[in-house]
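Q: Structure of the sequence below:
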Amino acid sequence: MKKRFLKKPMRRHVPKILQRGLWISLLPALSGLLLLAPGCGGGFGSGDREQFLAADSPLREQAGFPALTGEPIEDTEDSAEYESSSLNEETFMEDADMIASNDRNASKEENPRESAGTVLPAPGVRTLENFLRTALLPLGNTMYVWGGGWNEEDTGAGDEAVSLGVSPQWKTFADLQTKDYDYRQTRYQIHDGLDCSGYVGWTVYNTMETEDGGEGYVFKSTDTAELYAGFGWGDFSPASQVKDWLAGDIMSMKGHVWICLGTCEDGSVLLLHSSPPGVRLCGTPVPGDSSERGPASQAVSLAEEYLSAHCPEWFQRFPDCQAKAAYLQDSGQLRWNKETFPDADEIRALTPEELLETLFSEPDPDSSSRLEESR
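A: You can find the predicted model right below:
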């Protein structure tokens, strides 16, 4: 069985005190220094990358992490969603002692594949319900990291995105973050979380595959929905032709990709995505409502209700469940066909309220038997 995080051991280069996990206690102080370091505050663009990395590298090395390099792409000031970065060097301290038992078998026992109140999804069971149950696993325990889920060459899926289950490192990293988390300070740390395309690709892999180490399904977010349709997995509609939003739809817009959970009575859409600060349950405004701080839509209220109930610690730090109106205006759509993800339980016919109630509860025996038959 493949062992996570042990591909390139670096323990001989790091003092024992850092190998024992005590580096975690140093991170708050180091984070404070990092925020004060030249080039480490405010916005980062390709022009000041070298200054950022030069200031950041000594602090990361003190904490047991190697220096970082990389070149961002599609980084804009008016968008909270970003593409992966180009990664040229090792970006994570692969230390066996940092997380208890990195063995895949032990990891499954000590860190079962459940989160946010969901039941254990079944890897390799290709149904729409299983796809959405799997998508909930990183909710409330995974930060948005630019490039997370990609490989170091920035050419496709990284190790985490072709591994079954939630990486223990995601929660370890997320537990260290405060309400002031700034994804711009954690770029290129590809093993610490997921970006939007990494999240969708990880979810697809964990639904379709039964073994680690496959090719993966992480692609540039803008093109993901259309590429999936090109694989014969469903029908693609460009943004101008999208007529409705149903549970399970993959929606791609410029610089972002997200998973739809259905449409509320007021027309607002419930969704899952990885967007700063992390993997989030969100709602759009009512179509046509361009106000930034108007009354919460039904989808936003529903997201707040479930996130506060099932991920209270996360919600206390990151209560924002509002997605932009542009999500409904600018997103192309992939709708899975029944050959790829059958919908025997008619998940698409549920209202968002009924869907969340279903996903956050145990599946009924008949549903479980249908999952087994679909393997």
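Q: Tell me where the model's unsure across the stretch 251-375 of the chain.
A: 290-294, 363-375 (pLDDT under 70).
Q: what about the strands in it?
A: 256-263, 269-275, 278-283, 332-336 (DSSP state E, counting those that start in this stretch).
Q: so which of these comes closest to Asn141?
A: When those are compared by C-beta to C-beta, strand 278-283 sits nearest Asn141, at 7.8 Å. Just so you know, the C-beta spots here come from the backbone N, C-alpha and C atoms, and that holds for glycine as well.
Q: list the buried ones in stretch 158-173?
A: Neighbour-count burial for stretch 158-173, with 16 or more other C-beta atoms under 10 Å as criterion, is recorded at 158-171, 173.
Q: An error on my part: the question was meant for stretch 214-227.
A: Those would be 216-222, 224-227, for stretch 214-227 by 16+ other C-beta under 10 Å.
Q: Any chance of TSV for those, columns pLDDT, distance to Ser361 and secondary structure?
A: Output for those, formatted as TSV (pLDDT from 0 to 100; distance: C-beta to C-beta, whole Å; DSSP: H, G, I helix; E, B strand; the rest coil):
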residue	pLDDT	distance to Ser361	secondary structure
Gly216	97	30	coil
Tyr217	98	28	coil
Val218	98	30	coil
Phe219	98	32	coil
Lys220	97	35	coil
Ser221	97	31	helix
Thr222	98	35	helix
Thr224	98	29	helix
Ala225	98	29	helix
Glu226	98	34	helix
Leu227	98	33	helix
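Q: Serialize those to a markdown table and add fields for distance to Gln185.
A: Output for those, formatted as a markdown table (distance: C-beta to C-beta, whole Å):
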| residue | distance to Gln185 |
| --- | --- |
| Gly216 | 27 |
| Tyr217 | 28 |
| Val218 | 23 |
| Phe219 | 26 |
| Lys220 | 24 |
| Ser221 | 21 |
| Thr222 | 25 |
| Thr224 | 26 |
| Ala225 | 30 |
| Glu226 | 33 |
| Leu227 | 31 |
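Q: Now flag whichever of those residues is closest to Gln189.
A: Val218 (16.4 Å).
Q: Tell me, how many residues neighbour the closest residue to the closest one other than its chain neighbours?
A: Residue nearest to Val218 in three dimensions, not counting chain neighbours: Gly201, with 3.3 Å by C-beta to C-beta, 6 or more residues apart in numbering. Around Gly201 there are 27 other residues, counting by other C-beta atoms under 10 Å.
Q: Can I get the helix or strand Gly201 falls within as PDB, trimmed to CA atoms?
A: Following DSSP states H and E, one finds Gly201 within helix 196-208. Extracted as PDB, the C-alpha positions of helix 196-208 are listed here (Å, rounded to 0.1, in the frame of the first residue of the first chain):
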ATOM      1  CA  CYS A 196     -11.100  25.000  -6.700                       C
ATOM      2  CA  SER A 197     -10.000  22.700  -9.500                       C
ATOM      3  CA  GLY A 198      -8.000  20.500  -7.000                       C
ATOM      4  CA  TYR A 199     -11.200  20.100  -4.900                       C
ATOM      5  CA  VAL A 200     -13.400  19.100  -7.800                       C
ATOM      6  CA  GLY A 201     -10.700  16.800  -9.200                       C
ATOM      7  CA  TRP A 202     -10.200  15.100  -5.800                       C
ATOM      8  CA  THR A 203     -14.000  14.600  -5.500                       C
ATOM      9  CA  VAL A 204     -14.300  13.000  -8.900                       C
ATOM     10  CA  TYR A 205     -11.300  10.700  -8.300                       C
ATOM     11  CA  ASN A 206     -12.700   9.600  -4.900                       C
ATOM     12  CA  THR A 207     -16.000   8.800  -6.500                       C
ATOM     13  CA  MET A 208     -14.700   7.000  -9.600                       C
END
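Q: which helices and strands does that helix pack with?
A: If you count contacts as 3 or more C-beta pairs under 8 Å, 6 or more residues apart in numbering; DSSP states H and E, helix 196-208 packs onto helix 128-135, helix 224-230, strand 256-263, strand 269-275.
Q: Let me have those in CSV, extended by distance to Thr210.
A: Shown next, in CSV, are the helices and strands packed on helix 196-208 (distance: least, C-beta to C-beta, whole Å):
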stretch, distance to Thr210
helix 128-135, 12
helix 224-230, 20
strand 256-263, 21
strand 269-275, 23
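Q: Of all these, which one is nearest Lys179?
A: Nearest to Lys179, of the helices and strands packed on helix 196-208 and by C-beta to C-beta, is strand 269-275 at 16.0 Å.
Q: quick one: low-confidence parts of the stretch 1-150 of the chain?
A: 1-120.
Q: give me phi/psi at Glu153?
A: When read as degrees, to the nearest 10, the backbone of Glu153 gives phi -80, psi -10.
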